Structures are given as structure tokens and as C-alpha cells.
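K.L.:
Next come a sequence and a model predicted from it.
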Amino acid sequence: MLSAIILLTVITAPPSGQQGSASYDPWLDYDENGAIDVRELYRLGEAYGSVGNTTRNVTIAGHVTAYLRPSGENLSISGLTHGFSGLIPVDGYAKVTVLIWVSSASSCEYYFWAYDNDGNSWLVEFVDPAGQSWVKTYDVMNQRIQIEINNWGSTAITAKLAVYLVA
């Protein structure tokens, strides 16, 4: 059946150099040669019936491609201590948007750290928020980031962190 489909496609395809009536769809041009031809149909035939991981990262420029909760649902930070998000991989993305909500921000400070693959780090930004929520978008500068929240108050706070990665 697959051979019949391929043969039918080859016979009915426009001669080389002519454009078909359908508009070009770059998602169907698997070999990225600027033409959708029998080679794409062949690759589709090879993949027919295969299964895979539907959560695999697909990069679409300018669209959110990953949403992370780096500390789980909540990050609890005792009074007069600090909490870290853990290292968040951002390599391959163009922008990262960080959202932070804390139960009481009157005595909190946020630090954003960038890390390279050799373990070197540097402070990207220090923030003293005025309210209980805060959001900012950064251009990605390295392989990983980490968010630190300092609680200078005497009572424990709860923090919620969300990170959007954009290609």
C-alpha cells in the first residue's frame, strides 16, 4: 500500500522546477531543502505507526516552549534564612521569564544567578520587591540560572516560583 502511495505521488507530482497549487509548509519539509517532495513522503512512510514521547521539547521561535516549577508547588523559607530554586537549565532558549509570589514580601530580597557548565556563577540581578508578586523577562546569557530568595523577616514565608522558557 505504501509503495502504491509513493508511486501515485511520483506520477502526479509536478515536473521539477514547477510549483504545486498547495502553499509551502516548512513543517513538512523534513530535509529543509525548500521543496516538499517524495523524500518527505518516504520519511513519513518510515515513521508511520511509530510512537514516542509527546512531552518532548519542540522549539517554536517566539512561543513559550517550557513552563517549569523549579521548587515544586511551594518553597518554604524559614525566618532569617534563604531558599534556592535549584539549577534551571536554560541553554538553547532565547528568553526566560521568572514569576515569584511570596506570602509576605515585606522583608524579602531576590537574587538571580547565571551559571556556566564549568560551575562559574555571577549575579545577574538583585531585586527588592515592593509587593508580594514579581515578574521579569531576561535574555538568556548562559546554560543555567538559579533564583535565591532571602527572608530577612522573623517568620517563615511560602514562595511560588514559575519559569517560562521561550525559544
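P.N.:
Received the coordinates, thanks.
K.L.:
Report all helices and strands that the host helix or strand of Phe126 contacts.
P.N.:
For Phe126, the host element (DSSP states H and E) is strand 121-127. Under the contact definition 3 or more C-beta pairs under 8 Å, 6 or more residues apart in numbering; DSSP states H and E, strand 121-127 sits against strand 108-115, strand 133-139. Just so you know, the C-beta spots here come from the backbone N, C-alpha and C atoms, and that holds for glycine as well.
K.L.:
how about 6 Å then?
P.N.:
strand 108-115 (3 or more C-beta pairs under 6 Å, 6 or more residues apart in numbering; DSSP states H and E).
K.L.:
What mean pLDDT does the strand holding Phe126 get?
P.N.:
Mean per-residue pLDDT for strand 121-127: 92.
K.L.:
Chain neighbours aside, what residue packs nearest to Asn74?
P.N.:
Once flanking residues are discounted, Asn74 sits nearest to Thr158: 5.1 Å by C-beta to C-beta, 6 or more residues apart in numbering.
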